[in-house]
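S.K.: Below are the sequence and a predicted model for it; my questions follow.
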Amino acid sequence: MIIGIGKRLPVAIDMNIASNPEDIEKKIVLILKILNEAQEPTGSRLIARKMQEGGVILSERTVRYHLKLMDERGITSLVGRQDGRIITEMGLEELTNARVRDKVGLAISRIEVLAFKTTFDPQKRRGLLPANVSLYQKEDFARALEVMEAAFRQRLFVSELVAVIEEGNRIGEILVPPGKIALATVCSIVVNGVLLKNGIPMDSKFGGILQMRHGKPLRFTELIHYSGTSLDPSEIFIRGRMTSVRKMIEQGEGNILANFREIPAPSRNLVDKLILNLRRAGIEGVLSIGEISEPICQIPVDVNKIGMILIGGLNPVALAQEAGIEADNHAMSTMVDYNDLQNFSYFLEKKAAK
């Protein structure tokens, strides 16, 4: 777009630069995120390419314009003569604050986004599925696996398939820090995603603490609605030490992590077929399905809906927490490829062989 003012020469206005303040701030946060992940001086060309991968199209010229503004704010710093920037301490603080703002009320939004991103086909046994990531100290990891074995043996999981990521490597957007090992477990949102891809909407209501009796689900004793929290409820319950997974394993009675969903009543037959296909592919997230408009685990269900209880993918992690093995949990945080997952027993045996 060319604008002439009086007798001055025409000035070319880059429409990417002439954005509203909120849009500019989002682009600045994305640039900060790219610089933080790069961990080395990065130039405008690479930043523009990374932004394009994230769905934001900016020219190198526009990126340089934003970087100049960011230098003036003290959140980035120019290094050397090759246009390389690094994020400053002030920039890290800005990025942290931005993430907190973005998280407010976003638990339900993250569920919807991860369900949409799910490409996993249980019949073909390939595609992307959502995962939780738990970061452990290297020296604690072998013991954590040993403790978790009881939860996997009792089938208190979404899937036996997991991934182990060593320090310095990435899983999705998460970089495993030095001295840590990451365990990726399949998230129950995979059920949302597979149903969605088959035309079945799923209403995600809440995550909670499910009381088990004689090994069967009885009732929810605690719940947190996804629309009212910025964190996955499972993270909150684990941090608050509100589970008793060990007691459930040893006595058949205890409190485990679970989630409540609703599906349209007419979809029941197709849902049953999809659940069977998921189980054949090693995904066992569905704990119980109710009847049309009937309560399930003492939770009322909307008219012409069917209630569904999904087991929490972090129950093995909760068991390790009960044993005093701490983890930094990032529930429903990223996508993993089905073919990059291995049976939990593979990693247990691998650790035992060392």
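M.R.: Arrived safely.

S.K.: three-state assignment of R155?
M.R.: coil (DSSP: H, G, I helix; E, B strand; the rest coil).

S.K.: wait, isn't it in contact with E284?
M.R.: Yes. Using CB atoms under 8 Å, R155 is in contact with E284, at 6.7 Å. Yep, even glycine has a C-beta here, placed from its N, CA and C like the rest.

S.K.: neighbour-wise, which of these two wins?
M.R.: Using other CB atoms under 10 Å as the criterion, R155 and E284 rank with E284 on top: 16 against 11.

S.K.: any common contacting residues for R155 and E284?
M.R.: Common neighbours of R155 and E284 (criterion: CB atoms under 8 Å, 6 or more residues apart in numbering): none identified.

S.K.: packing partners for the host helix or strand of F116?
M.R.: In the assignment (DSSP states H and E), F116 maps to helix 107-117. Other helices and strands packing on helix 107-117, by 3 or more CB pairs under 8 Å, 6 or more residues apart in numbering; DSSP states H and E, are strand 128-137, helix 189-197, strand 203-213, strand 328-337.

S.K.: what does the last one contact?
M.R.: So that's strand 328-337. 110-111, 114, 117-118, 126-135, 163, 171-174, 180, 184, 187, 189, 231-232, 234-235, 238, 313-314, 317.

S.K.: buried set for stretch 196-203?
M.R.: 196-197, 200, 202 (16 or more other CB atoms under 10 Å).

S.K.: For that stretch, the averaged confidence score.
M.R.: Stretch 196-203 carries an average pLDDT of 96.

S.K.: now swap in stretch 35-46 and tell me
M.R.: Per-region confidence: stretch 35-46 scores 87 on mean pLDDT.

S.K.: quick one: buried residues of that stretch?
M.R.: Buried residues in stretch 35-46, counted by 16+ other CB under 10 Å: 35, 38, 41-44, 46.

S.K.: Domain map for the chain?
M.R.: Structural domains assigned to the chain are 2-102, 105-354, following automatic domain parsing.

S.K.: Quick one: the helices in the stretch 1-150 of the chain, in order.
M.R.: According to DSSP state H, counting those that start in this stretch, the stretch 1-150 of the chain carries its helices in the segments 21-38, 44-53, 60-73, 89-103, 107-117, 138-153.
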